[in-house]
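**Q** whatever this is, show me its structure:
(one chain, ligands or ions: 3)
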Amino acid sequence: MSKHERHPDWMTDLARVINAPGYPRWRAMVAATGGCAHPIHLSGESALVDTGTGEILHLYTTDDEPSGRLLIACGNRRASVCPACSQLYQADTFHLIRTGLSGGKGVPETVSAHPRAFVTLTAPSFGPVHSRRDGRACRPRKHGRVCDHGRAIGCHTHHEPHDERLGQPICADCYDYPGAVLWQAHACVLWHRFTLAMRQELVS
Ligand SMILES: [Zn+2]
Ligand SMILES: [Zn+2]
Ligand SMILES: [Zn+2]
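**A** Numbering: from 1, shown residues only. Ligands and ions are numbered 1, 2, ... in the order given. A predicted model of the protein is given here:
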């Protein structure tokens, strides 16, 4: 073995990344995503404007970021897609249920004496998607039947847990993407109205 043995390529790459000028900011961004496996890369700008004077109070542009992009955690709930984000979701859900049952985090402890109901609310469907059913095919339909786009309306695959098609529309053109986006965008308002209507229903 020679005294001046070459470093493996990955070590050279690592050294280059760590010594690059934008490294501390890049590392902070990665840390802020909580170790997300598939962060979303955003590019663009945002400005905070005083509507009275028109003065720009704060301007942010991703052009100033080391890679020219801002990294955001993907927020996926499925461990097969992103272990870090799905764990965060699990932990959040745990605390949400725990505080609902015994109080804490701003919820009074008196809730522990309240009657309890576990209600599952399902959002409307915006079109059929590939899914995994124990021992059954994804979406059994008569062979040969196609949608307006000429694609089979059924799927006879027994999807494996890590199949990337899971959750994806059977036909992307049939799927109501605008409806799904509008539903997500208005989820806060929809939820607010639902909780108001629910309380009114319960007291009457
Ligand atoms: Zn993620
Ligand atoms: Zn399928
Ligand atoms: Zn279609």
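**Q** tell me the contacts of the residue nearest in space to the middle of the chain?
**A** The central residue of the chain, meaning the one whose C-alpha is nearest the mean C-alpha position (CA atoms, centre = their mean), is G75 at 3.0 Å. The contact partners of G75, taken as CB atoms under 8 Å, 6 or more residues apart in numbering, are 85, 89. Placement of C-beta: from N, CA and C, glycine included.
**Q** a strand runs through it, doesn't it?
**A** No - using DSSP: H, G, I helix; E, B strand; the rest coil, the assignment for G75 is coil, not a strand.
**Q** any idea how far it lies from H130?
**A** In this structure, G75 and H130 are separated by 20 Å, where distance is defined by CB to CB, to the nearest Å.
**Q** check L202 too.
**A** According to CB to CB, L202 stands 38 Å off from H130.
**Q** how about C138?
**A** C138 sits at a distance of 5 Å from H130 (criterion: CB to CB).
**Q** what about the two, which has more around it?
**A** C138 (21 against 17; other CB atoms under 10 Å).
**Q** so the more buried one makes contact with S131?
**A** Yes - between C138 and S131 there is a contact at 5.9 Å, judged by CB atoms under 8 Å.
**Q** burial count for the residue nearest to P83 when sequence neighbours are not counted?
**A** In space, not counting the residues next to it along the chain, P83 is nearest to A37; the distance is 6.4 Å by CB to CB, 6 or more residues apart in numbering. Neighbouring residues of A37 were enumerated by other CB under 10 Å; the total is 14.
**Q** same check, this time on R141
**A** Using other CB under 10 Å as the criterion, R141 is surrounded by 16 other residues.
**Q** now it: how far from C147?
**A** 10 Å.
**Q** joint contacts of the two?
**A** Common contacts of R141 and C147, defined by CB under 8 Å, 6+ apart, comprise I153.
**Q** what comes into contact with the lowest-mean-pLDDT helix or strand in the chain?
**A** Confidence across the helices and strands of the chain bottoms out at helix 9-19, with a mean of 85, counting by mean pLDDT, DSSP states H and E. Helix 9-19 has contacts (CB under 8 Å, 6+ apart) with 7, 23, 26.
**Q** most neighbours of all those, which one?
**A** W26 (17 neighbours).
**Q** so how far is the lengthiest helix in the chain from its chain's centroid?
**A** In the chain, assigned by DSSP state H, the helix with the most residues is helix 83-102. In terms of CA atoms, centre = their mean, to the nearest Å, the centre of helix 83-102 is set 15 Å apart from its chain centre.
**Q** before we move on, what about stretch 27-37?
**A** Averaging C-alpha positions (CA atoms, centre = their mean) puts stretch 27-37 15 Å from its chain's average.
**Q** perfect, that will be all.
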